[in-house]
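**Student:** Below: sequence and its predicted model.
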Amino acid sequence: QPTLPDIVSSDGLSFHLDQAYASLADIRLTLGTGRTCADVKDSLASGVGCEDAADGERSVLSLAGPFVFDLVHGTLVSVNGKQVSEDEDEDALEIPPGIYASIRFRFDTLVSGGEGFRARTRLFKDSKEWSMELTVPAGETLGFESTNPMLAVKEGGSLQVTFRQEKWIKDLPLASCYQQGDLTLADSVLSLDAARGECQGAGDRMRTNLRTHGGMSARSF
């Protein structure tokens, strides 16, 4: 979105999200009921594979990656460690039109660190600026299923995966924990993984929310 909503704790502590990057590998898209590799083989872009269904399962498209995304701006940054231009963006992740049922992917290591996902948030408090990084380690696998059994990507359209950032810290009483001294700052950086008291395990709770709250949608151009 052009303007991202703030992410807010359960007791009203509000952070502005201004950076979010994810490195995805082994992307697997499950085709809708009745579609097989034979139906899409003539329209597969370079680098896109297809595995036929077995034992009643559905056929699956695969993209190896890794692909690094700038989630704030909705752009593809690099493929296999090589930066891509805006002109190459769409071609690198081209999939055939049709019905899609689900997506799975693995977080790969971001170029600049050991995480597979990293978001930076900012908070202005007590006349100072704080920052808080939200991270997910590389190696974790996420998956989302379409709530629409007929989710169709039309010719010229796109399949979108959405992380619902407004849910990430919605159940964490961060304001209360800060007031009680259970959230500490190091060089103006707040760490959820170092939280204590009522916010013990806040980093893991945030990551659970990130894994749980997401979805698929299709957009026509």
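**Tutor:** In hand now; what should we look at? Bear in mind that the values here come from a model prediction, so they are computed numbers and not experimental data.

**Student:** rest of the way, CA atoms for contacts and neighbours
**Tutor:** Noted.

**Student:** Quick check on the closest residue to Glu155 other than its chain neighbours: phi, psi?
**Tutor:** In space, and not counting its chain neighbours, Glu155 is closest to Pro97: 5.4 Å by CA to CA, 6 or more residues apart in numbering. Backbone torsions of Pro97, given as degrees, to the nearest 10, read phi -60, psi 160.

**Student:** tally of neighbours for Pro97?
**Tutor:** Neighbourhood size, Pro97 [other CA atoms under 10 Å]: 16.

**Student:** need the contact list for it.
**Tutor:** 152-155, 157 (CA atoms under 8 Å, 6 or more residues apart in numbering).

**Student:** Which strand residues bridge the residue nearest in space to the middle of the chain?
**Tutor:** Nearest residue to the geometric centre of the chain (CA atoms, centre = their mean): Phe163, 5.1 Å. Phe163 has these beta-bridge partners by DSSP bridges: Gly214.

**Student:** residues in contact with the nearest residue to Ala218 once chain neighbours are set aside?
**Tutor:** Using CA to CA, 6+ apart and skipping residues adjacent in sequence, the residue nearest Ala218 is Leu159, 4.6 Å away. By CA under 8 Å, 6+ apart, the contact set of Leu159 is 153, 216-219.

**Student:** what's the spacing between the residue nearest to Glu155 and Leu190?
**Tutor:** Distance of Pro97 to Leu190, given as CA to CA, to the nearest Å: 44 Å.
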